[in-house]
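K.L.:
Here you go, sequence then predicted model.
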Amino acid sequence: QVQLQESGPGLVKPSETLSLTCTVSGGSITSDRTYWTWIRQPPGKGLEWIGYITYTGGTTYSPSLKSRTSISRDTSKNQFTLQLNSVTPEDTAVYYCNVRNEIVVSYDYWGQGTHVTVSP
């Protein structure tokens, strides 16, 4: 069973950079056909897809967040990281990491989520 665990600061000041790490166990971030994704849910709103990094290290981002987003990975630690620059209070949300396999539909695992507040 793949397990994902988000970590990072729960409070970030406006204009600063939000940085979160997802630590993976029970699976490898280089496993074939896997997509390692960041998703968030602002208070009272639905899920918002942020972007992903693939098993080969390629990245794709949401057009609305692309200019402020970077997703990277550390294969030696089996972790992948989200950086969101120039945050505002509108970036306050629960942030989740997720993995899915483009071939095996049942291969779909989520972290428990971590709440991030953007406030002075």
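P.N.:
Sure, I can see it.
K.L.:
CA atoms for contacts and neighbours, from now on please.
P.N.:
OK.
K.L.:
any idea how far G111 lies from V87?
P.N.:
22 Å (Cα to Cα, to the nearest Å).
K.L.:
ok, now F80?
P.N.:
Noted for F80: a distance of 20 Å to V87, by Cα to Cα.
K.L.:
Wait, T69 touches L84, no?
P.N.:
Yes - the pair formed by T69 and L84 meets the contact definition of Cα atoms under 8 Å, at 4.7 Å.
K.L.:
Which neighbours do these two have in common?
P.N.:
Contact criterion Cα atoms under 8 Å, 6 or more residues apart in numbering; residues shared by T69 and L84: none found.
K.L.:
what ranges do the strands span in this structure?
P.N.:
Secondary structure of the chain (DSSP state E): strands located at 3-7, 11-12, 18-25, 34-41, 48-54, 59-61, 69-74, 79-84, 93-101, 108-110, 114-118.
K.L.:
Much appreciated, bye for now.
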